[in-house]
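Visitor: missing the sequence, but the structure's below:
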């Protein structure tokens, strides 16, 4: 199995970094190939905008999707975007490792989606969702949170975690990826080096590393989250009126 | 009324820019004061990380929340972050104007949250949600989408818009803001200058500008989205067992 890990955390000694290291070691030990996109270390540029294009299809009016398609078709995308697309097309499984910041991905990772999921390349009008260019591949988000697990339940004040993850899962599925259940590591407090050296932190880290390593070993056997697809929708892009899912409660 | 508009779009002639201009004109005409944070024009730096701090509380280990609190308490935050916090504290209403990119805010705006909503300043352990430092103020997201409205219904393939907006609304409420129903402008296609000059585009733009101007005139009378708060939660941060909302269907 070929696995791409898109790693997004600014601190190389972080809990997130330890989870990425765990995944690399476990996967390579089992004979899989692993590539890592370490967005902070590679100084990925997250802002989609005119500054990303040396030449322009339309110099007097910036429209991201038009520029993306034109540059993709002309094989003229920025080097970092081309590299990420090549990694995605190489991979059979993509793991996203990041901390939950403000109920979603850090800006660095959001910008990876804004720039790398190019129109004309990773999706077009007719090649999206289950017909997307990356269909047949899998994706999984491994997420750390500061707040404890109880607060992420349906009635918890942090917000239901399934709902918080849903926009991101929609984006992954949009380009064709099958989405696995996220790996959730709750209650990861920062607290600096001194806190990191405390017994409680170390015990939490070791427990979560082991839980993650155990799961990573059997990733290829997991069933993805069910999603509706082209065959389920009417012309307006809505679940068909006679679809059985309309009766699911 | 003092209104801050956080505007996030790379193109000054865009549909989003026209909506922001509409809000400014309408509000100022009615005697309100308006400030605009134009994130692309001001070249806001969205990446939270060690590069944002000239000095460090903990030089050998980067932990965003610790650095934020330390710099806030020492009045040593980056100039752009201090400026945005001052604008937020000045405002009674905050409008976010942005296009929906990959089921959420553009990276530029996500980074505004990552950096400006500082720990120790805009929230602490006991000052969050309805007790947050910005309580008594209101926020509203004005969002353009490329896909048509039907696909954003509960059974549409773009994803239910209420669910897509929810993580962002959670973030706004976390610092104390009351959240108004979003202004949704569907089916905004880019297509460059030539498309912009077409009659259909112009008609759509004029219609949406008028709809937005009409709403902006009575913003202060709107009821915010109901949210549970400290009095509703138990010690674990979950809705109390005997809470009436547990019986709502």
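Guide: Thanks, I have the structure now. Being a predicted model, the structure only gives us computed values, none of them experimental.

Visitor: The closest residue in space to residue A:77 that isn't next to it in sequence: helix or strand, and which one exactly?
Guide: Ranked by CB to CB, 6 or more residues apart in numbering or on different chains and with sequence neighbours excluded, the top spatial neighbour of residue A:77 is residue A:71, at 4.8 Å. (Each C-beta comes from the backbone N, C-alpha and C, glycine too.) Under the criterion of DSSP states H and E, residue A:71 resides in helix A:64-73.

Visitor: Tell me the gap between whichever helix or strand comes after that helix and the middle of its chain.
Guide: Going down the chain from helix A:64-73, the next helix or strand is helix A:79-90, by DSSP H and E. The chain centroid and the centroid of helix A:79-90 are separated by 14 Å under CA atoms, centre = their mean, to the nearest Å.

Visitor: Just give me the neighbour total for the residue nearest to residue A:77.
Guide: If you count neighbours by other CB atoms under 10 Å in any protein chain shown, residue A:71 ends up with 23.

Visitor: Wait, it touches residue A:79, no?
Guide: No. Under the criterion of CB atoms under 8 Å, residue A:71 makes no contact with residue A:79, lying 11.6 Å away.

Visitor: got a pLDDT number for residue A:191?
Guide: The model reports residue A:191 with a pLDDT of 62.

Visitor: same deal with residue A:248?
Guide: 84.

Visitor: nearest residue to residue A:116 other than its sequence neighbours?
Guide: residue A:84 (4.4 Å).

Visitor: quick one, what contacts the one you found?
Guide: Going by CB atoms under 8 Å, 6 or more residues apart in numbering or on different chains, residue A:84 touches A:37, A:112, A:116.

Visitor: Please pull out the lowest mean pLDDT helix or strand from chain A.
Guide: helix A:192-196 (a mean of 68; mean pLDDT, DSSP states H and E).

Visitor: what's in contact with the very next helix or strand once past that one?
Guide: The helix or strand immediately downstream of helix A:192-196 is helix A:199-216, counting by DSSP H and E. For helix A:199-216, the external contacting residues (CB under 8 Å, 6+ apart) are A:15, A:18-19, A:22-23, A:25-27, A:142, A:183, A:185, A:187-189, A:191, A:195-196.

Visitor: Once you drop chain neighbours, what's closest to residue A:178?
Guide: Nearest one to residue A:178, counting by CB to CB, 6+ apart, is residue A:224 at 3.8 Å.

Visitor: Can you report phi and psi for the residue lying closest to residue A:150 once chain neighbours are set aside?
Guide: Distances taken as CB to CB, 6+ apart place residue B:236 nearest to residue A:150, at 4.5 Å, with adjacent residues excluded. Backbone dihedrals for residue B:236, given as degrees, to the nearest 10, come out at phi -90, psi 0.

Visitor: does residue B:236 really touch residue A:149, like I thought?
Guide: No. With contact defined as CB under 8 Å, residue B:236 does not reach residue A:149; the gap is 9.6 Å.

Visitor: Those two: who's more crowded?
Guide: Legend: neighbour count by other CB under 10 Å for residue B:236 and residue A:149, higher for residue A:149 (15 against 12).

Visitor: separation between the nearest residue to that one once chain neighbours are set aside and residue A:157?
Guide: The shortest distance from residue A:149 to any non-neighbouring residue, by CB to CB, 6+ apart, is to residue A:186 (4.1 Å). According to CB to CB, to the nearest Å, residue A:186 stands 14 Å off from residue A:157.

Visitor: Quick check: closest non-adjacent residue to residue A:239.
Guide: The nearest residue in space to residue A:239 (CB to CB, 6+ apart) is residue B:155, at 3.9 Å.

Visitor: For the residue nearest to residue A:77, give me its contacts.
Guide: So residue A:71 contacts A:53, A:57, A:77-78, A:118 (CB under 8 Å, 6+ apart).

Visitor: what sits against residue A:33?
Guide: A:1-3.

Visitor: So the residue nearest the centre of chain A: helix, strand or coil?
Guide: The C-alpha lying nearest the average C-alpha coordinate of chain A belongs to residue A:96 (CA atoms, centre = their mean; 4.3 Å). Recorded secondary structure, residue A:96: strand (DSSP: H, G, I helix; E, B strand; the rest coil).

Visitor: hmm, back to that, only the buried members of the contacts of helix A:199-216: can you turn that into a ChimeraX selection?
Guide: To isolate the buried ones among the contacts of helix A:199-216 in ChimeraX, judged by 16 or more other CB atoms under 10 Å in any protein chain shown, type:
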select /A:15,19,22,23,26,27,142,183,185,188,189,196
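
Visitor: The contacts of helix A:199-216 in helices, which ones?
Guide: A:15, A:18-19, A:22-23, A:25-27, A:195-196 (DSSP state H).

Visitor: Please list which of those residues also come close to chain B.
Guide: Taking CB under 8 Å from any CB of the partner chain, the overlap between these and the neighbourhood of chain B is residue A:196.

Visitor: any idea which of the ones in helices among the contacts of helix A:199-216 is closest to residue A:135?
Guide: residue A:27 (22.4 Å; CB to CB).

Visitor: Check the gap between that closest one and residue A:219 for me.
Guide: Using CB to CB, residue A:27 is found at 9 Å from residue A:219.

Visitor: Now for those two: what residues contact both?
Guide: Joint contacts of residue A:27 and residue A:219 (CB under 8 Å, 6+ apart) are residue A:1.

Visitor: Residue A:6 belongs to a strand?
Guide: Yes. Assessed with three-state DSSP, residue A:6 lies in a strand.

Visitor: My guess is it contacts residue A:109. True?
Guide: Yes. When contacts are counted by CB under 8 Å, residue A:6 is listed as touching residue A:109 (7.1 Å).

Visitor: wait, what's in contact with the nearest residue to residue A:15 once chain neighbours are set aside?
Guide: Leaving aside its chain neighbours, residue A:15 sits nearest to residue A:188 (4.8 Å; criterion: CB to CB, 6+ apart). The contact partners of residue A:188, taken as CB under 8 Å, 6+ apart, are A:15, A:99, A:144-146, A:204.

Visitor: for these, which one is nearest residue A:138?
Guide: The closest of the contacts of residue A:188, once distances to residue A:138 are taken by CB to CB, is residue A:144, at 20.8 Å.
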